[in-house]
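Participant: Sharing a model prediction with you, sequence too.
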Amino acid sequence: MYAVVTIGAEQLLVQEGQEFLVQKLPAEDGAIIELDKVSLFASDSGSKVGAPFVEGAKVTATVVGQERGEHIIVFKKRRRQNSRRRNGHRQELTRVRIDAITG
């Protein structure tokens, strides 16, 4: 059984027991969240495609923890002007474990 679910601005193909890193969610560690924006739901008996979402389908997930992504460098330079700017960035992420898919 699997589903395509929208989390933030991303669509993910999820199965039970998988863990994903998604954009930061406003939830505490160990919190149970319900994702109801399911675009596709497939099981042994068949599949359902939503327009835009499948009615009655939901994915239950647990927040495992909050993390930060890898460090990237943002560098801007203006040629022939001795002008440079260097910044770093680390994206805030949330690790989510998929517990159940119902539909």
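Facilitator: Received the coordinates, thanks.

Participant: any idea which helix or strand of this protein has the worst average confidence?
Facilitator: strand 46-49 (a mean of 91; mean pLDDT, DSSP states H and E).

Participant: Tell me the buried residues in it?
Facilitator: For strand 46-49, a neighbour-count test (16 or more other C-beta atoms under 10 Å) marks Lys48 as buried. For the C-beta atoms, the positions are set from N, CA and C on the backbone; glycine is no exception.

Participant: contacts for it?
Facilitator: Ser39, Leu40, Phe41, Ala42, Val54, Ala57, Gly103 (C-beta atoms under 8 Å, 6 or more residues apart in numbering).

Participant: partner strands of it, parallel or antiparallel?
Facilitator: Sheet pairing of strand 46-49 (DSSP bridges) gives strand 38-43 (antiparallel).

Participant: Just give me the neighbour total for the closest residue to Val38 other than its chain neighbours.
Facilitator: Leaving aside its sequence neighbours, Val38 sits nearest to Ala57 (C-beta to C-beta, 6 or more residues apart in numbering; 4.0 Å). Ala57 has 20 neighbouring residues, counting by other C-beta atoms under 10 Å.

Participant: For Ala57, grab phi and psi.
Facilitator: In terms of degrees, to the nearest 10, the main-chain angles of Ala57 are phi -90, psi 140.

Participant: can you give me the strands in this protein?
Facilitator: With strands called from DSSP state E, the chain shows them at 2-7, 10-15, 19-23, 32-35, 38-43, 46-49, 58-68, 72-78, 83-89, 92-102.

Participant: The residue nearest to Val38 against Ala42, yeah?
Facilitator: No. Between Ala57 and Ala42 there is no contact under C-beta atoms under 8 Å: 10.3 Å.
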